[in-house]
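Visitor: Predicted coordinates and the sequence they were generated for:
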Amino acid sequence: MPKIIFDTDLGSDPDDLFALLFLLRLGKNIDLLVTGDEFDGKRAALARKVLDLAGKKEIPVVQGFDLGRKKFHTDELIEGCSYNLPKDPVSAIITACEGEEEVLYLGLQGFTNLAHVLKKKPSLKKKLKIYQMGAALGFSRAEGWIEHNIKIDPESARYVLNSSANITLVQTATTEASDAYRIHPEHPFYKRLQRSKDPLEQMLIRHCELFYEKKQRYTYMGDVLTVASALGYDFVPFEEKMLYFNKEKSLEEGRGRYIRISGKESRDKMCMALVERTICTAP
């Protein structure tokens, strides 16, 4: 198994925390966790707390770039936490890749960290095998809507996607096409988590509650499907499509560069059965 770099905006949408626990409870080692769209180090603090609770104190956590957006919904989960975590994600990522033939890069937030790394060390395009949550071909939640991980830093997204990097996109349109991926109070997975006494599973539920209080919607498991796909689980078909950035700074199909991207249909129930079985300890 190649080294794994986990790039996350933990603390907003709960799917990042689901994805992190899924990876950890599968027994996969994370060699570096970097945060993005930072807000005073809060995402990194939450990541450190989660890893410590999971018994993974050895996994390094590095704060990524702050885009000035100040979007963080889970202050409650890091009350009393005080960490002095490093702030140079570019050097940390480059160092983690040294001496490796291939590194699996799990991009679960915007493209900012990745763009800075590829600009500083272009040769890593040949080494990084990138699975990125992002894009939404032919799908919109509302008029003018742009997929979050592209919207927060479109220029970094453009740079990475126009490069020759080895990148696979899992699009929002895949998970939001199925209610099986939406974790809400009536979902059997949610109910099992509510019954759990495990502190990390209790944190998951509270994270979902805080997210709903803030956004009035429930999370979809886009980041989880991204991680599962990166690990080789065959839950969704991928195809090469020519993609380009339109004037609204959103991805469209029709010209540009060929990029591997998920289809809209997936083995949703099979995926969620594995995720629930892996994460949940409650009967």
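Guide: Sure thing, it's come through.
Visitor: Worst mean pLDDT across the helices and strands of this structure, which element?
Guide: Across the helices and strands of the chain, mean pLDDT, DSSP states H and E gives its lowest value to strand 251-253, namely a mean of 90.
Visitor: quick one: buried residues of it?
Guide: Neighbour counts over strand 251-253 (16 or more other C-beta atoms under 10 Å) mark L251, E252 as buried. No exception for glycine: its C-beta is placed from N, CA and C like everyone else's.
Visitor: Which neighbours in the sheet does it have, and how are they oriented?
Guide: Its sheet considered, strand 251-253 pairs with strand 238-245 (antiparallel) by DSSP bridges.
Visitor: mind checking how far the partner strand is from the chain centre?
Guide: The chain centroid and the centroid of strand 238-245 are separated by 20 Å under C-alpha atoms, centre = their mean, to the nearest Å.
Visitor: How about residues contacting it?
Guide: 135, 137, 154, 157-158, 161, 168, 229, 251-263 (C-beta atoms under 8 Å, 6 or more residues apart in numbering).
Visitor: from what I can see H116 touches V90, true?
Guide: Yes. H116 lies in contact with V90 (C-beta atoms under 8 Å); the separation is 5.0 Å.
Visitor: which of these two has more neighbours?
Guide: Comparing H116 with V90 by neighbour count (other C-beta atoms under 10 Å), the higher total belongs to V90, at 20 against 17.
Visitor: got the residue ranges for the strands in this protein?
Guide: Remark: strands assigned in the chain by DSSP state E are 3-8, 32-35, 61-62, 103-107, 128-133, 166-170, 182-183, 219-220, 238-245, 251-253, 257-262.
Visitor: Indicate each strand paired with the first one and its parallel or antiparallel sense.
Guide: Translated: strand 3-8. strand 32-35 (parallel), strand 103-107 (parallel).
Visitor: out of those, which comes closest to E143?
Guide: strand 103-107 (27.1 Å; C-beta to C-beta).
Visitor: For burial, what's the neighbour tally of F39?
Guide: 19.
Visitor: That one contacts T74, doesn't it?
Guide: No. Between F39 and T74 there is no contact under C-beta under 8 Å: 10.7 Å.
Visitor: Give the residues shared as contacts by those two.
Guide: G11.
Visitor: For the protein, just list every one of the helices.
Guide: With helices called from DSSP state H, the chain shows them at 15-25, 42-53, 89-97, 112-120, 148-151, 154-162, 172-175, 188-195, 199-215, 222-230, 268-279.
Visitor: Now mean pLDDT and distance to F238 too, for those helices, in CSV please.
Guide: Shown next, in CSV, are these (pLDDT from 0 to 100; distance: least, C-beta to C-beta, whole Å):
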stretch, mean pLDDT, distance to F238
helix 15-25, 99, 18
helix 42-53, 98, 28
helix 89-97, 98, 24
helix 112-120, 98, 19
helix 148-151, 94, 18
helix 154-162, 95, 15
helix 172-175, 94, 10
helix 188-195, 97, 25
helix 199-215, 97, 28
helix 222-230, 99, 8
helix 268-279, 98, 14
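Visitor: dump the residue contacts of R48.
Guide: Residues in contact with R48 (C-beta under 8 Å, 6+ apart) are V61, C81, Y83, L85.
Visitor: If you could redo that for E186, that was the one I meant.
Guide: Contacts of E186 (C-beta under 8 Å, 6+ apart): none.
Visitor: what pLDDT does it get?
Guide: Note for E186: predicted pLDDT of 97.
Visitor: likewise F6?
Guide: 99.
Visitor: Quick check: the gap between the residue nearest to N246 when sequence neighbours are not counted and L204.
Guide: Distances taken as C-beta to C-beta, 6 or more residues apart in numbering place E252 nearest to N246, at 4.9 Å, with adjacent residues excluded. Remark: distance between E252 and L204 (C-beta to C-beta, to the nearest Å) = 35 Å.
Visitor: ditto for T35
Guide: Counting by C-beta to C-beta, the gap from T35 to L204 is 18 Å.
Visitor: what about these two, which has more around it?
Guide: Remark: of T35 and L204, T35 carries more neighbours, 31 against 25, as counted by other C-beta under 10 Å.
Visitor: Identify the bridge partners of that one.
Guide: In beta-bridge terms (that is, DSSP bridges), T35 pairs with T8.
Visitor: if I pick the closest residue to K57 other than its chain neighbours, what's in contact with it?
Guide: Using C-beta to C-beta, 6+ apart and skipping the chain neighbours, the partner closest in space to K57 is L51 (6.8 Å). By C-beta under 8 Å, 6+ apart, the contact set of L51 is L33, K57, I59, V61.
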